[in-house]
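# No sequence on hand, only this structure:
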């Protein structure tokens, strides 16, 4: 069986059982990266070495996270072939990811930077930036909000937009209620119109995060000279600041909709050079409390001050 034929069978049999966002991710990686490389190959001829070489070549142009998606989609299809007894062993098993390009560097934004970005953008993108910065929602969750999701000041986060499609939240824990501050609600009220979506396009559809980022957000931050990694930086900033302010990790994790507290600690515990100042000043005050300046060093003739 050719790999391309296997993928067609997998799409018919397995995709209907998957969450829409998961199916979209696998399908995209298969269509764009995997099938062009393995489509004409017989599945029994695909070896672990072939998979390693494929990933090594892709590592020259793609990030480690993208490589992980390629490996996962390839492995999913081949693993299904094993379960159907069309293949003896999944060659992806045990294949390590090669070193790849640098991960997107997340920026912890200062309040004045967030305000500057919002001021540079037209509506509804301006209010969307402020909403993300205040609530820490994923951008897909934010653009998936409907006016009917509000119960007074409480917002029920119950869906997200992924690849322009409406779907459920990323995890069960992501389906949550959060209180929206009155100042933010007042700002958002200016967006209310006849449509059902809070952040909607002129056509009345939910904003597309990728399109909005390319057309509006990135040009704005380039103009301002802010090295923003993307929409996720607003979420990253809130989480980092809450942890630094010693709010309970469990609370921060639940607010962000994480399924595991470890995710909150591993991804959002962000240390900046400025954070070193307090502990170093404290240590210096202990050791140099009574020292005003360096004592004069007597230099003997013909010797260097420092050896």
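Right, received. Where do you want to start? Treat the numbers as computed from the prediction; the structure is a model and nothing was measured.
# mean confidence score for the helix or strand containing residue 285?
Using DSSP states H and E, the element containing residue 285 is helix 277-287. For helix 277-287, mean pLDDT is 75.
# now do stretch 12-28
89.
# Likewise for stretch 241-255?
Mean predicted confidence for stretch 241-255 is 87.
# And stretch 186-198, by the same measure?
Rounded mean pLDDT across stretch 186-198 is 90.
# how distant is that stretch from the center of its chain?
The chain centre lies 26 Å from the centre of stretch 186-198; the measure is C-alpha atoms, centre = their mean, to the nearest Å.
# Give the buried residues for it.
Of the residues in stretch 186-198, 187, 188, 191, 195, 197, 198 count as buried by neighbour count, 16 or more other C-beta atoms under 10 Å. From N, CA and C alone the C-beta is placed, and that goes for glycine too.
# just checking, what packs against the helix holding residue 285?
Applying 3 or more C-beta pairs under 8 Å, 6 or more residues apart in numbering; DSSP states H and E, we find helix 277-287 packed against no helix or strand.
# Check the offset of it from the chain's centre.
That offset, for helix 277-287, works out to 35 Å (C-alpha atoms, centre = their mean).
# so who does residue 211 touch?
By C-beta atoms under 8 Å, 6 or more residues apart in numbering, the contact list for residue 211 is empty.
# And the chain, split by domain according to the record?
Here the domain assignment for the chain is 3-83, 111-267, based on automatic domain parsing.
# So which of these is nearest residue 96?
Closest of these to residue 96 is domain 3-83, at 8.2 Å (criterion: C-beta to C-beta).
# Residue 29 versus residue 129, what's the distance?
For residue 129, the distance to residue 29 (C-beta to C-beta, to the nearest Å) stands at 30 Å.
# more neighbours, the two?
Neighbour count, other C-beta atoms under 10 Å: between residue 129 and residue 29, residue 129 has more, with 25 against 21.
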